[in-house]
Each structure stands twice: as structure tokens, then as C-alpha cells.
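Engineer: Okay, predicted coordinates and the sequence, questions at the end:
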Amino acid sequence: MSSNYNPQSIEKDIQDKWDKQNKYVTRVDERKKYYCLSMFPYPSGKLHMGHVRNYTIGDVISRYKRMRNFNVFQPMGWDAFGLPAENAAIANKVSPKEWTNQNIENMKVQLQSLGFSYDWSKELKTCEPNYYKWEQLIFKKLFDAGLVYRKKSLVNWDPVDETVLANEQVIDGKGWRSGAQIEIKEIDQWFIKITKYAEELLDSLENLDWPENVKRMQRNWIGKSNGAEIKYKIDNSKEFLTTFSTRPDTIFGVSFLAISPNHPLAVNLAKSNKEIYEFLEKCKEIKAAEADIAKADKLGIDTNIKVIHPLTGKKIPVWIGNFVLLEYGTGVVMGVPAHDARDHEFATKYNLDIKQVIETDNNDFPILQKGKLINSENFNGMQSDSASNEIVNELTKLKLGEELIQFRLRDWGVSRQRYWGCPIPVIYDGDVPSVLGENDIPIELPELEENEPPTPLSQNEKFLKLNKGFRRESDTFDTFMDSSWYYARFTSADNEDEIFDEKTKYWLPVDLYIGGIEHAILHLLYSRFFHKALRDIGLVEGDEPFKRLLTQGMVLKDGAKMSKSKGNTVDPQPYIEKYGADTVRLYMMFTSPPEQSLEWSESSVEGSARFLKKVWNLISARKYSKLDGRFDFSKEELALRRKSHATLKKVENDYEVRFSFNTAIAAIMELLNSIPEDFKDSMAPDSKKYCLDEAILFILQMLSPIAPHICEYLWSNFYGEDFDIESSWPEVNENLLEIEEFELIIQVNGKVRGKLKVNKSTEQEEIEEMALNVENVNNFIGSSKLKKTIYVQEKLINFVI
RNA sequence: GGGGAUGUGGUGGAACUGGUAGACACGCUUGGCUUAGAACCAAGUGCCGCAAGGCGUGGGGGUUCGACUCCCUCCAUCCCUACCA
């Protein structure tokens, strides 16, 4: 007699068995490899449902691929450096290291209790010298390759705490702890030349098997634009102001130039002009995040400097505008109020000229579309595109401009003024930096004393001070550095002597990368760049790190992304304890398709638990009958077999092509529901038993990637221990899928008025006649004349009257 | 401000290529079982309507024999915006 389904005990047993067998420790072998990677977590404390969703998707695919005889590598590790550890350290008086390691321990136990088939022998933590020494080596190699440089750049400065703040730590322009008005400050920082790879990063998106929306976001972010550089001579000076514009055709509509508050000219003017000085001070109160700058009121101040228009020779005023970014283009914008929305807003506010130079029917400024030029001297009557060419030619002749391709993408600033990060391996002799090489690394992060709060390394004299007046670099790396190459290090994480090895060659690239859509741009772009740079310094092969990408939608709680810092996380633990890991996994996969964002709700967890119970009740007390399948099956028996095979076909497609786990589960539920009662009777004839056995085997195999514990348990009980469910996948018998009848939908004027079972071999004429004779259809057509009849093969017929 | 998504019953969602809207679940209703409850089983369940039928995929408009699906427009929500990860 069967006992009740008790997930807690069987899950523990099955997991112990896997452990004992080292089942998921992976080795290079002759099978086809499949590297399935889920984005490693920041160890924030506990798992939340967003993690569970992400990691269940990865595990389902890994397990499925294993059943299809792939050599699957699925590692897991920790993105262990970062700001929250420092915050926690200050709040709770534990060192960032201790806090992080404790969190890792907790989260690892949770991951293991969910039964994810990770190869833990390759676990890595980015906060260990063992990992970051290689990052320091990479930095040295990038430096030697000419990809690293230093330049001044802006940070949010808290004048009270005397620290640099992350954008997240600035709330309404105030420091989150001190409450002080922040100010934008310029400091020296390290940059990596990602822009050198802009063109390649753009071009090689083409062939990636990534979701179109992610590719689109990356394309827009890189932002290649064709335009021209145009020089405006400063009146009464030999200097020029250079602008970049994608619309040189509107050059006759320029009525002002706007320069960034951080532009050297503006900074210079502020030294002798009190009003400008005050304006710049005011601009410093807006935090250095693009969204904040863009949303701030557009403010400007006239510098009283004029420039000479390169084609008309007219004098044009130069303004300072708080919306102009120094980092993008030249930090100077040519203002064309009639044909640019932002310029229009600015000009209206400050009463600057608005001059129309493109003809349109209505004069609703701004007019953004291209068209025929007016008010443009010799260029009147030309169309925008050819006018742009002609104008650029003219400017080139005058040596006042030239055609230019510009990218929106900016170089990557990797300096952070923090404690809990990878030290940048540099020492200074006075102001002169040298990047340390292989023999001098790792530069280890200094340990903190008991109860010592973490302060930026710049305040740690013991660490900074070296012999003979040398000093260490006090900045640490952006944590995006850590996560930009971990996918490669996983393959050789057990190798202490080399950064990468033979295994790296075997496993890379990642065949499927799974993670949150919020990483669509930064993390994924930095990793793609790193891979190309690592390739060019001879450390890896191939052009791209991630062959295929699956971006899961966010798990929301109270309408916002679930995250520790927002304090709206939902811990899976109580659910695992109440229902078991299989139910939690099943529920997360069933409740919505992976790419969609999902508002957390537990309302139907019960349904998932109920389904597994049904599976248990059907199978736990049965044994496989070992029949050979040579029967003359009845219609009913064939129907069940057809359902089994059709479900298998659908599930294969859902797992492999569509990543649509909710529909796969629904199909398996349907199959289970469709088994007639009399097939389950112990006295049922062998032919029925055979069909039932087939359905049971299929259900267990199809479900096991999602609910591996219960399926493995039931499988060995039903089928026997000698054959592992993980090394088996059934085959679809296409012959069984053939049907001789189909249901015809009959429409009148596009509305369904009847249905009819029709034999597949029936001719169209006969079908029309049969359809017209259906009583309800006849009622609707009555004596009306048929205008048109549309027949869709084996599907539908529509009579238009 | 810019970029990317999403919007379907009371709820999560399905409809894969323009062809039956609401699969599969949750919830709810009724009945069975039970001393009672839980669990389980059976039937029903988009809305309006006694019915015939009509209406219905965020709002408005369009293309089509036919639109959740394509086009235009508006609205709402979420994510990213280079120092949260």
C-alpha cells in the first residue's frame, strides 16, 4: 500500500545520494558539452524568489540537457564584493568579510536544499585573493595593451562624511546618512577603453542568439551615430568651440551654443565671474546620474561670449546649460530650437531666436522630421540628407568641420573609492603611477581590526604607505570588473597556478546564460567587452562569451523589483519547509513564463503541491509491467498513446526552443488528467497496462527536470534502480500522432456558428456542402447570397454574406 | 528626458505562423464522503440575458472575410539610464 507523499524525507535522501555519488561534478569527456550558467548572486543574506526563479530555470535546462546526453557544466559562485557589505558592517559591527562569508554559507545551504545540480567543486568567491589576483593580472595586461588610462571624472561627494557616494546613496540630492547636500567633485580615476571595441561590440551582436530586445538595448546604448564635427570660432579669440551634430542640415537654424557646466571654458569663466561661479555651484547639486540630470529643470546662463557661425559669419551667443554632458561628444551642443525638442524648451525659456530651416505643413515647433531646407542660403530646396552632405563638404573645405562617426558609449570608469572591493594593483612615486605585474600580486585587501568600521582605503595609511616614499593606489575596482570574467574562471576555478587552462578551451563559450533583464546593458556589455579584450591579449578563444541568452523578468513585490536594499524580499525557506523543494520549483516555473515580470503571490502554490500529490498517488504503489507493446490497441488506448506522444513532442519544444516551462507543465497536467480510470485498475488488460506504463514513464521523465526529487524516487521505485532516470529520454513516435479526423470550425461573417468532425480525406467541395447543411449555420445564412467562402485547410471555413 | 518591456475572467496565465479567446491552475458555487473539519472526488464557473442571442483581450481609431496577434494614437505599470547588483 502506498504511503503519503512526504517531500521532506525523500528530498533529503535523494540529495544525499547525489552528494555521495558526486553526481554533478563535471569532467571533460567526449560527449557534446553544454555550459549552462545562471548569473551568480550577490550574497545579500538569504535567497529570495527572484533567485529561486532564475536558478530553477537554469537547473531545469541543465537537467533536461543531461537527459539528452549532453556533458553539462553548471557551476555556482558568489559576486562577493560590493557596497551592501560595507553598509551592513557599519550597521551591525561585523566585518564585511565575515558578513559576506556568513551570507554565502546561508545561501549555499538554501541552494542545496532546492536540489540544484551545481558542480560545487568549481565554486568561486570574487572577494578571495585566489580570484582577484587574476583580475589584477588582467588589469596589468590590459594596461600593457594600451587599454587603461587615467582621467578626471565626476563623483557624488558627501562633504560631511567626506566620502564618495554611489548614486543609490544620494536621495533628493542629499547624502543618505549625513543628510548633507551633496556636491559633484572631479577626481582622478582609472578608465578602460571599452570605446575602442564599440564597433565590434555593435557588429557582433548580429549573430548572437539573444532576445531581440536585449540586442536593441545594447545597440541603442552603444549609440553609433553618423554626423559631423563643426567648429565655431570664438569671437575675439583664436580658440574654437567644437560641436558634434547628427543634423548638419539644420546648421542655419543654430541660434546658440550650450556648453557643459564642467566644460573647461565654463570652469575658467567662473574664476572671474561671480554669477557664473554661483550657477556652476548650483549645477553641482544635481547628482551625477543621467536620469536626474535629464529630469532636472533646464537651466542656463549666458556667458556673454559669442562665436562666429561657420557659414553665415553671424555672431551666436554661448550659454552654459545644465543638461549638457561633458562625457558625451565634445561637451558642447549646437542649439537648433526649431528642430530639436530640448533646444526648443531651452530657447523658449530664455527667449533665444527660433529659426525654422526645414519646411513643413504646420509650424508646430519643434519640427523633428527631415525635409526640404529653407532659410539656408545656397542650400535652400535641398532635401535634408543631401543637404547634410553638401554642408559638411563646404565645412570641410573651410576647415571648420568634418564628417564624424560618434558613439554614445563612454569609456568605463573602474575606480571606486571604497573598502570592500578588489584593490587596484598600482603604486605611485609621487604622482607617477605604475601598474604592478605578475610578481607583485596579489595586492591583498587589508584586514580590519575587531569592530573597526570599513573606511575607504584612502584613509588607511598603514596600507597605503610604502618604503622610499612610494604609495599604494587607494581605489578599488568597480564590482562589474569582478563579474565580467567569472564565467571563464569557473572552468578553471580549481587551478591555483593558471588563470585559465585546457578545461577553459573545452567549456567556453557559455552555451546558455540565464539572468535578470536588469542586466541587459551594463553587465552583459562589460562581459562581452572583457571577452574580446581577453581574446586580444591571448587568454581566451572566440569572440563572444555567451552564445544564447535567456533574460528572466523581475519578480516584483508591491510593484517593485525584489531586492534586499528595497526590503521587499520573499524568502523561499518557509515554502520549502511546508511543501518541499519540488513544489517550490514547480510553482515558480508554472506561475508565469520566464521572460515576463511577475508580481509575487503565493495564491496557487497549493495547486502545484496538489499536482505532485496526484503524481505520487498514481505511481507510488505501481510497478512497471515490462510488456512488449505488440497489441492491437483499441481506439481509446490509441488516444492515450497519442496524448502521451503529443505531450512529449510539445514538452521537448517547450524546454528546448521556447523556454516555456509553464505550458510544458500544463501539458503534463493534461496528460495526467486524460488517463481514463479503467486504465488504472489492477485488473486492466495488458494492452491498457502498457498504455498506462508508457504514460507514467513519460510523465516522470518529462517532469524530472522541474521536480527531480519526486521523479527520481518514483522512477527507481517503479522502474528499478538499475537504470538512472537522468540518462534517459523517450522518443516521440510520429506515427501515433497522425489523425484521420479533424474538427472543422464553421464561421458566418467571421463568427463561429458551428463545428463539424470531418475526415481528413474529404474534398473541399464536400466540406462546404456539409458545413452549409449544419442547422445553426443554415439559420444564419438563410436566403442571403454567399459573397465569398474562405477555406483554411483542416481548420476552418468562413462564409461571407 | 532617453532606451526596453508589459497590459487578456475574481487571480496567475494559454492561444507558438492573422483563423474556435480564456488551455492548465488558483479561487468561488453546488453536491458527495465525514460525527465534524482537513484532505479527496464529481459538476459548474468571462460578462449581460429566462432564452435566442449580444458583448468581450488597457482606451480610441484603422487594415482584413477574419485581429489578443498587424498599423496609428492615447493611457497605465515595471526595468535600465554608466557608482545598487
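Structural biologist: Looks like it arrived, so ask away. None of these values were measured; they are calculated from a predicted model.

Engineer: Quick check: residue A:205 is in a strand.
Structural biologist: No: counting by DSSP: H, G, I helix; E, B strand; the rest coil, residue A:205 is not part of a strand but coil.

Engineer: nearest residue to it other than its sequence neighbours?
Structural biologist: residue A:215 (4.9 Å; C-beta to C-beta, 6 or more residues apart in numbering). To be clear about C-beta, it is placed using only N, CA and C from the backbone, and glycine gets the same treatment.

Engineer: Please verify my assumption that that neighbour contacts residue A:204.
Structural biologist: No: under the criterion of C-beta atoms under 8 Å, residue A:215 is not in contact with residue A:204, lying 10.5 Å apart.

Engineer: Quick check: residues of the stretch 51-200 of chain A near RNA strand B?
Structural biologist: Within the stretch 51-200 of chain A, the residues that sit near RNA strand B (C-beta under 7 Å from any atom of the strand) are A:79, A:81-84, A:155-156, A:164-168, A:189.

Engineer: For PyMOL, what selects the buried ones among those?
Structural biologist: What follows is the PyMOL syntax selecting those of those that are buried according to 16 or more other C-beta atoms under 10 Å:
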select buried, chain A and resi 79+81+82+83+84+155+156+164+165+189
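
Engineer: could I get the residues of the stretch 51-200 of chain A next to RNA strand B as a markdown table with secondary structure and pLDDT?
Structural biologist: Formatted as a markdown table, those follow (DSSP: H, G, I helix; E, B strand; the rest coil; pLDDT from 0 to 100):
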| residue | secondary structure | pLDDT |
| --- | --- | --- |
| A:79 | coil | 98 |
| A:81 | coil | 98 |
| A:82 | coil | 96 |
| A:83 | helix | 96 |
| A:84 | helix | 95 |
| A:155 | strand | 95 |
| A:156 | strand | 96 |
| A:164 | strand | 96 |
| A:165 | strand | 96 |
| A:166 | coil | 96 |
| A:167 | helix | 96 |
| A:168 | helix | 94 |
| A:189 | strand | 97 |
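
Engineer: quick check, nearest of the residues of the stretch 51-200 of chain A next to RNA strand B to residue A:531?
Structural biologist: Proximity of these to residue A:531 (C-beta to C-beta) peaks at residue A:79, which lies at 17.5 Å.

Engineer: if we can go back for a sec, could you report the neighbour count for the residue nearest to residue A:205?
Structural biologist: Using other C-beta atoms under 10 Å, residue A:215 is surrounded by 16 other residues.

Engineer: now the one 4 residues further on
Structural biologist: A total of 14 residues lie near residue A:219 under the criterion other C-beta under 10 Å.

Engineer: Residue A:701 is in what secondary structure piece?
Structural biologist: If you go by DSSP states H and E, residue A:701 is part of helix A:686-703.

Engineer: Report whether that helix contacts RNA strand B.
Structural biologist: No: Helix A:686-703 stays clear of RNA strand B (C-beta under 7 Å from any atom of the strand), getting no nearer than 12.5 Å.

Engineer: after that helix, next one along is what?
Structural biologist: Following helix A:686-703 in sequence order, the next helix or strand is helix A:708-718 (DSSP H and E).

Engineer: tilt between that next one and helix A:686-703?
Structural biologist: Counting by axes from the mean of the first three to the mean of the last three C-alpha atoms, to 10 degrees, helix A:708-718 points 150 degrees away from the direction of helix A:686-703.

Engineer: Next up, phi/psi of the residue lying closest to residue A:253 once chain neighbours are set aside, please.
Structural biologist: Excluding its sequence neighbours, the residue lying closest to residue A:253 (C-beta to C-beta, 6+ apart) is residue A:357, at 4.0 Å. The phi/psi pair for residue A:357 (degrees, to the nearest 10) reads phi -130, psi 0.

Engineer: Hmm, residue A:56 is touching residue A:583, no?
Structural biologist: No: here residue A:56 does not reach residue A:583: they are 11.7 Å apart, not a contact under C-beta under 8 Å.

Engineer: Distance-wise, check residue A:440 relative to residue A:416.
Structural biologist: Distance, residue A:440 to residue A:416, using C-beta to C-beta, to the nearest Å: 21 Å.

Engineer: pretty sure residue A:764 contacts residue A:791?
Structural biologist: Yes: between residue A:764 and residue A:791 there is a contact under C-beta under 8 Å: 5.6 Å.

Engineer: Of those two, give the one with the bigger neighbour count.
Structural biologist: Set side by side, residue A:764 and residue A:791 show more neighbours around residue A:791, with 16 against 11, by other C-beta under 10 Å.

Engineer: hang on, the more buried one in a strand?
Structural biologist: Yes: judged by three-state DSSP, residue A:791 forms part of a strand.

Engineer: Residues in a beta bridge with it, which ones?
Structural biologist: residue A:797 (DSSP bridges).

Engineer: show me what contacts it?
Structural biologist: When contacts are counted by C-beta atoms under 8 Å, 6 or more residues apart in numbering, residue A:791 touches A:764, A:767, A:768, A:797, A:798.

Engineer: Run a quick neighbour tally on the closest residue to RNA strand B within the stretch 301-450 of chain A.
Structural biologist: When distances are taken as C-beta to the nearest atom of the strand, the stretch 301-450 of chain A reaches nearest to RNA strand B at residue A:410, 3.7 Å away. For residue A:410, the count of nearby residues is 15 (other C-beta under 10 Å).

Engineer: which element is it on?
Structural biologist: Using DSSP H and E, residue A:410 sits within no helix or strand.

Engineer: Residue A:326 is in contact with that one, correct?
Structural biologist: No: counting by C-beta under 8 Å, residue A:410 stays clear of residue A:326, with 10.3 Å between them.

Engineer: and residue A:302, which of the three is it?
Structural biologist: Taken by three-state DSSP, the conformation at residue A:302 corresponds to strand.

Engineer: Can you name the residues bridging to it?
Structural biologist: Taking DSSP bridges, one finds residue A:319 as the beta-bridge partners of residue A:302.
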